[in-house]
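Novice: have a look at this prediction, sequence included:
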Amino acid sequence: MTDSATRPDTSDMQAVHKVFRSSLASAPQFVGSAAGDDERRALIANYYANLLSFLEVHHDGEEALVFPLLAARAGDHGAEVAQAADQHKAVLGLLESARRNVATWELDGDAHAPDAVRSLQELDAALCCHLDQEEAEIVPLAAEHMTVEEWAMLPGHAMGNFAGDKVWLIMGLIRENFTPAQRDMMLAKMPPPARQMWENMGEASYTDLIARVRQTT
């Protein structure tokens, strides 16, 4: 157990989880809005490609930086940590299926929209069960057994290993769910090049893109 003065504020994890919950729940609406519109189909497919890349790197970060520490330090809760790791494996298969189906929909058109929606919904169902369990059991363990410095490594790992083409999209989605204080803290802890990118073009690009994504009528 870490000293209370050095325990991290893990409430930022719920904000990240809200990105996945909201975006995947919107799949029928977003994908359906692109029927007959090649440009919009490309827009929505790219949105989900970036989201899925973020989910993948988010889970990678937990597996590298969180689960091993909790397994070592929270011995009485090893079963919960192992269960969360097993859920990651199940989610990974659904993530890859969603990635393939979204890519096929983008390339080959409307006939493949039902497969894209179905696979995103299947991922949503499995992921939400995992996120519920993680928020109830794993995140409190992290608050109790990890240090501020250890928890703070997660955002850097995610951004440093993100394989999508719009990191500013992910930053904007997360910031939407942050409190003003969390947004200020996020900026304060960013490396200078990342902060300059966000302030010079990222925020404006995000505002424009997300407005177009969400304009479904």
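Specialist: Yes, it's here.

Novice: show me what contacts the residue nearest the centre of the chain?
Specialist: In the chain, the residue lying closest to the centroid (C-alpha atoms, centre = their mean) is Leu55, at 4.3 Å. Leu55 makes contact with Phe20, Val91, Leu95, Leu127, according to C-beta atoms under 8 Å, 6 or more residues apart in numbering. C-beta coordinates here come from the backbone N, C-alpha and C atoms, glycine included.

Novice: next one: Gly32
Specialist: With C-beta under 8 Å, 6+ apart, Gly32 has these contacts: Ala113, Val117, Thr216.

Novice: how much space separates the spatially closest residue to Leu187 that is not a sequence neighbour from Trp105?
Specialist: Spatial nearest neighbour of Leu187, chain neighbours left out: Arg195 (5.8 Å); criterion: C-beta to C-beta, 6 or more residues apart in numbering. Counting by C-beta to C-beta, to the nearest Å, the gap between Arg195 and Trp105 amounts to 35 Å.

Novice: hang on, Ser53 packs against Gly164?
Specialist: Yes: contact criterion C-beta atoms under 8 Å: Ser53 and Gly164 qualify, at 3.8 Å.

Novice: does Asp9 belong to a helix, a strand or coil?
Specialist: Following DSSP: H, G, I helix; E, B strand; the rest coil, the label given to Asp9 is coil.

Novice: use 20 as the first number for this chain going forward.
Specialist: With the count now opening at 20, the last piece we talked about shows up as Asp28.
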